[in-house]
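Asks: could you look at this predicted model? Sequence included:
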Amino acid sequence: MSASVSTAVGGFIPIIPFFFTVGMPAVIASFIISTLAHFAVGAAKSLVTTRSWWASGAEMTIVGVLEASITYGLGVAFARH
């Protein structure tokens, strides 16, 4: 149950800006909100690990940005064909 709720909340965060705007401004806002959410989750993860909140947040942010870049790139590549 908790995994389902966590996935739903995590999946909803990037689409929030699209309720208020469209196009590239929504994409940029989504990127910013998602990046901040990744950092917050990573920092919160430090509560159950021995790592510093800053290192844990930075690691989660870097992984999230790489993941988003690959996903966006694949979306652009397949949308053109």
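Replies: That came through fine.
Asks: in the lengthiest helix in the chain, what's buried?
Replies: The longest helix of the chain (DSSP state H) is helix 53-79. For helix 53-79, a neighbour-count test (16 or more other Cβ atoms under 10 Å) marks 53, 56, 57, 59, 60, 61, 64, 68 as buried. For the C-beta atoms, the positions are set from N, CA and C on the backbone; glycine is no exception.
Asks: quick one: mean pLDDT over that helix.
Replies: Taken as a whole, helix 53-79 carries a mean pLDDT of 93.
Asks: how about the contacts made by residue 34?
Replies: Residues in contact with residue 34 (Cβ atoms under 8 Å, 6 or more residues apart in numbering) are 13, 14, 64, 68.
Asks: turn those residues into a markdown table, including distance to residue 42.
Replies: Shown next, in a markdown table, are these (distance: Cβ to Cβ, whole Å):
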| residue | distance to residue 42 |
| --- | --- |
| 13 | 14 |
| 14 | 16 |
| 64 | 8 |
| 68 | 15 |
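Asks: OK, contacts around residue 51?
Replies: By Cβ under 8 Å, 6+ apart, residue 51 lies in contact with residue 45.
Asks: now swap in residue 20 and tell me
Replies: 26, 29.
Asks: any idea how far residue 29 is from it?
Replies: 8 Å (Cβ to Cβ, to the nearest Å).
Asks: next: residue 72.
Replies: Using Cβ to Cβ, residue 72 is found at 14 Å from residue 29.
Asks: same deal with residue 43?
Replies: As defined by Cβ to Cβ, residue 43 lies at a distance of 21 Å from residue 29.
Asks: higher neighbour count, those two?
Replies: Higher neighbour count among residue 43 and residue 29: residue 43, with 19 against 16, using other Cβ atoms under 10 Å.
Asks: looking at that one now. What's its pLDDT?
Replies: Looking at residue 43, its pLDDT is 95.
Asks: where does it sit: helix, strand or coil?
Replies: helix (DSSP: H, G, I helix; E, B strand; the rest coil).
Asks: residues contacting it?
Replies: Counting by Cβ under 8 Å, 6+ apart, residue 43 touches 53, 54, 56, 57, 60.
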